[in-house]
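Asks: this is the structure alone, sequence omitted:
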Ligand code: CMP
């Protein structure tokens, strides 16, 4: 299994002041931060990042949400990173997320769900490269 995944702390969780608590839970769970930045996606960035969802009814809402304020983007390293990180964040819908998961604790709804986690090793690479130059990943 791959050793790296990509995450974003989304605008809802940044607005609510949860950056520190979420990064603490991530590192306490055995992930090493190998890239990190605060940034804001432009509309065109979000449309490209989420292009796989562009036929979905929630696409417009998703792009509006992801561009409304800053995010924190990070690349994380751990054995089995993609799968273990998805377990740590919990189900997309916080109502379905297990107790103690990041989404259970911090997400407001299926749309405003606090964090992103890559769904495959291949997408982790694509998403990390979307947000970080090679010299920003350690
Ligand atoms: P994520 O899995 O990180 O990437 C796709 C995002 O689309 C997902 O998080 C949610 O933020 C959003 N999303 C998924 N399903 C819905 C939905 N039914 N309504 C609104 N937003 C959604």
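Replies: All right, it came through fine. On a predicted model such as this, the values are computed, not experimentally measured, just so you know.
Asks: can you map out the helices along the protein?
Replies: All helices of the chain, identified by DSSP state H, fall at 11-15, 19-28, 43-49, 59-67, 81-89, 102-106, 121-131.
Asks: residues in contact with the fifth one?
Replies: Right, helix 81-89. Identification of contacts with helix 81-89 by C-beta atoms under 8 Å, 6 or more residues apart in numbering yields 1-5, 7, 25-26, 29-31, 76, 78, 97, 101-103, 114-115, 117-121, 124. In this view, the C-beta of every residue, glycine as well, is placed from N, C-alpha and C.
Asks: kindly report the same for the last one.
Replies: Residues external to helix 121-131 that are found in contact with it (C-beta under 8 Å, 6+ apart): 1-2, 4-6, 8, 35, 37, 39, 48-49, 73, 75, 81-82, 118, 137.
Asks: how about the residues of this structure near the ligand?
Replies: Listed as neighbours of the ligand in the chain under the rule C-beta under 6 Å from any ligand atom: 53, 58, 61, 62, 92, 110, 111, 113, 116.
Asks: if you set the cut-off to 5 Å instead, what comes out?
Replies: 58, 62, 92, 110, 111, 113, 116 (C-beta under 5 Å from any ligand atom).
Asks: quick one: which of those sit in strands?
Replies: residue 116 (DSSP state E).
Asks: looking at the residues of the chain next to the ligand, which is nearest residue 20?
Replies: Closest to residue 20 out of these is residue 116 (18.0 Å), distances taken as C-beta to C-beta.
Asks: what is the neighbour count of the closest residue in space to residue 26 that isn't next to it in sequence?
Replies: Leaving aside its sequence neighbours, residue 26 sits nearest to residue 76 (C-beta to C-beta, 6 or more residues apart in numbering; 6.6 Å). Residues near residue 76, counting by other C-beta atoms under 10 Å, number 28.
Asks: in the sheet, who's paired with residue 76?
Replies: Under DSSP bridges, the beta-bridge partners of residue 76 are residue 5, residue 33.
Asks: is it in contact with residue 23, as I believe?
Replies: No - taking contacts as C-beta atoms under 8 Å, residue 76 lies outside contact range of residue 23: 10.1 Å.
Asks: quick check: neighbours shared by the two?
Replies: residue 33.
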